[in-house]
Structure formats: C-alpha cells, structure tokens
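Q: Fold the following, please.
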Amino acid sequence: MSRSVLKILFAALLLPTLAAAQTPTPAAAAAGAPVKISWVNMDQAILTCDEGAKMYAEIQQFIETKNSELDRLRQEAENLRTKLNVQGAKLTDEARLELEGQAEVKDTELQRFQQDTQRDINSRRDRMTNTIGKRMMPVVETVAKARGLDAILLYNPARDIWINAENPALNVTEDIVKAYNQAYPASAPKIPAKQ
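A: Numbers count the residues shown, from 1 in each chain. Have a look, this model is predicted:
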C-alpha cells in the first residue's frame with residue numbers, strides 16, 4: 001500500500017474519534033450555560049418567619065423579666081455599699097466586717113446572675129436558630145428548585161464584598177420566609193404588655 005492510502009485509512013479511522021471529541025457532552029454543554037445564583041439572609045429569615053417572630057418575642061419577654069430581677073439585685077448591692085459608706089466609720093469592726101461580707105456576697109450573686117442569665121439567653125437564641133434553621137433547609141431547597149436556581153448562598157455582610165442589591169431577583173429571603181410560614185404555620189407572636 002502506498003503511503004497516501006495509509007494516510008487516508010488512518011484519517012478515516014480517526015474521524016469518528018475526532019467527531020466524538022468535538023461533540024459536547026451534556027455536562028460540557030451545561031458547563032457553558034449561565035449559572036443561576038441567589039442569596040438568602042438566614043438571620044433575617046429566621047427572625048421574620050412567623051415561628052421565629054414568636055420565639056423571638058418570647059426571648060425578649062424573658063430578657064425583660066431577667067432585667068427586672070437584675071435591677072433589683074443591683075439596687076440591693078448599691079444599698080449595701082451606700083450603707084457601708086455612710087455608716088462604715090460609725091460601726092464596730094465586727095458590724096463593718098459583717099456589712100462588707102454581705103456586700104461582697106451580693107456582688108458575687110449579681111455577677112453569677114448576669115453570667116447565668118446571659119448563658120440562658122444565648123441557649124434560647126441558639127435553640128431558636130437551630131430549630132428553625134434545620135426546618136428551613138428543605139424549604140430553601142424547594143424554593144431553589146421552583147426558581148430553577150443552581151445555588152443559594154448565605155448572605156453575610158461581614159464576608160461578602162458586594163451583592164447587587166438593586167436586583168431583587170437575587171434575594172430569595174422573602175420567598176423562603178413565605179414558603180416556611182406555609183410549611184410551618186405558627187400563631188401570631190404575643191406582644192407582652194408594658195408594665
């Protein structure tokens with residue numbers, strides 16, 4: 001066989017392989033398609049959904065109650081310190097030491113109360129965030145699929161450099177809140193009466 005015939009045969013054999021290599025696969029075709037991305041402000045979604053608003057109102061009521069207790073403890077500690085400052089020089093050593101001990105015990109009680117209360121508030125907030133956050137994940141997926149999105153990113157102003165806020169289609173927070181409220185209806189939050 002001549003060299004030119006071999007080249008033609010070789011080219012004929014490679015032609016299907018080259019054609020297959022140039023035909024885009026579905027994955028390659030999808031890679032060239034535009035990606036649809038939106039973002040969600042999860043903190044806002046958790047606090048503004050009906051269940052979150054109700055739980056947040058309960059936490060706020062708890063904080064107000066604890067603040068009243070804290071004010072009472074502060075006043076008691078202040079009264080002991082005032083009494084010690086005013087009467088300290090006139091008291092016997094034993095009476096002054098007793099009053100100093102009471103003031104020290106009250107200060108310690110006040111510090112522990114503040115620490116315990118803060119720990120309890122944080123625990124309540126974490127429970128709210130975790131409970132609603134876990135329930136919200138399938139809702140986010142449902143919204144993403146309904147809108148034909150490829151990804152929904154968590155908005156974080158401390159991390160994100162720039163997001164086009166003028167394009168409301170990018171923010172799906174309200175859609176997620178509406179879908180969550182439908183999936184997990186909650187009664188309206190109780191607003192505590194001012195005393």
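Q: contacts and neighbour counts: CA atoms only from here.
A: OK.
Q: Going along the chain, name the strands of the chain.
A: 37-40, 151-154 (DSSP state E).
Q: out of these, which comes closest to Thr117?
A: For Thr117, the closest of the strands of the chain is strand 151-154, at 30.2 Å, according to C-alpha to C-alpha.
Q: Please enumerate residues in contact with that closest one?
A: 36-42, 140, 144 (C-alpha atoms under 8 Å, 6 or more residues apart in numbering).
Q: list the contacts for Ser38?
A: Ser38 touches 149, 151-153, 169-172, counting by C-alpha under 8 Å, 6+ apart.
Q: Looking at the residues you listed, spot the one nearest Gln61.
A: Closest to Gln61, out of all of the contacts of Ser38 and judged by C-alpha to C-alpha, is Val172, at 30.1 Å.
Q: where does that closest one land on pLDDT?
A: pLDDT, Val172: 94.
Q: So it is in contact with Met42, correct?
A: No: at 10.1 Å, Val172 does not count as touching Met42 under the criterion of C-alpha atoms under 8 Å.
Q: hmm, which helix or strand of the chain has the shakiest average pLDDT?
A: Taking mean pLDDT, DSSP states H and E as the measure, helix 3-22 is the helix or strand of the chain with the lowest mean score, a mean of 45.
Q: what sits against the residue most central in space within the chain?
A: Note on the chain: the residue nearest the mean C-alpha position is Asp43, at 4.1 Å, using C-alpha atoms, centre = their mean. Applying C-alpha under 8 Å, 6+ apart to Asp43 gives no contacts.
Q: any idea how far Cys49 is from it?
A: 10 Å (C-alpha to C-alpha, to the nearest Å).
Q: Same question for Ala158.
A: With C-alpha to C-alpha as the criterion, Ala158 and Cys49 are 23 Å apart.
Q: between those two, which one's more packed in?
A: Cys49 (23 against 6; other C-alpha atoms under 10 Å).
Q: check contacts around that one.
A: 177-178, 180-181.
Q: Including pLDDT, could these go into a markdown table?
A: Putting those into a markdown table (pLDDT from 0 to 100) gives the following:
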| residue | pLDDT |
| --- | --- |
| Val177 | 97 |
| Lys178 | 97 |
| Tyr180 | 97 |
| Asn181 | 97 |
